[in-house]
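Peer 1: Next input, structure requested:
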Amino acid sequence: MLRTASITTLRENLSTLITSLTKKGPVMVLRRSEPAAYLVSTELFTRLIELVEDLEDLRDGKAAIEDYRRGQNMMDTEVVFAELGL
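Peer 2: Numbers count the residues shown, from 1 in each chain. Model prediction:
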């Protein structure tokens with residue numbers, strides 16, 4: 001279950017909440033009972049960003065395969081190697 005804290009509680013207990021992130025998980029910060037932000041550990045944030053980047057790479061790879069199948073956006077291998085500095 002996702003923990004919640006009001007902005008007032010966040011202000012009063014910021015250090016404690018930050019310390020607890022690794023063991024107890026993220027905190028949804030509420031403003032007037034509505035989600036306003038999320039407080040997450042640096043480890044979780046890093047994992048989430050890496051996951052998003054991996055998903056973007058998969059999407060781009062899938063699009064490249066589709067382009068190849070349609071004969072679009074094809075480049076000569078010499079051009080690719082030159083752009084990569086190989």
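
Peer 1: For the protein, give me the ranges with low pLDDT.
Peer 2: For the chain, applying pLDDT under 70 flags no range at all.

Peer 1: Give me the domain ranges for it.
Peer 2: Under the assignment automatic domain parsing, the domains of the chain span 1-40, 41-86.

Peer 1: any chance of those in a markdown table, with mean neighbour count too?
Peer 2: Using the backbone N, CA and C atoms, a C-beta is placed for each residue, glycine as well. What follows is those, written out as a markdown table (neighbours: other CB atoms under 10 Å):
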| stretch | mean neighbour count |
| --- | --- |
| domain 1-40 | 13 |
| domain 41-86 | 10 |
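
Peer 1: Name the residues that touch whichever strand or helix holds Leu14?
Peer 2: In this structure, Leu14 is located in helix 7-24 according to DSSP states H and E. The contact list for helix 7-24 (CB atoms under 8 Å, 6 or more residues apart in numbering) reads Arg3, Ala5, Val27, Val29, Leu30, Arg31, Ala36, Leu39, Val40, Ser41, Glu43, Leu44.

Peer 1: Name the nearest residue to the first one, sequence neighbours excluded.
Peer 2: Read it as Arg3. Excluding the flanking residues, the one nearest Arg3 by CB to CB, 6 or more residues apart in numbering is Val27, at 4.8 Å.

Peer 1: and the gap between that neighbour and Arg11?
Peer 2: Distance from Val27 to Arg11, counting by CB to CB, to the nearest Å: 13 Å.
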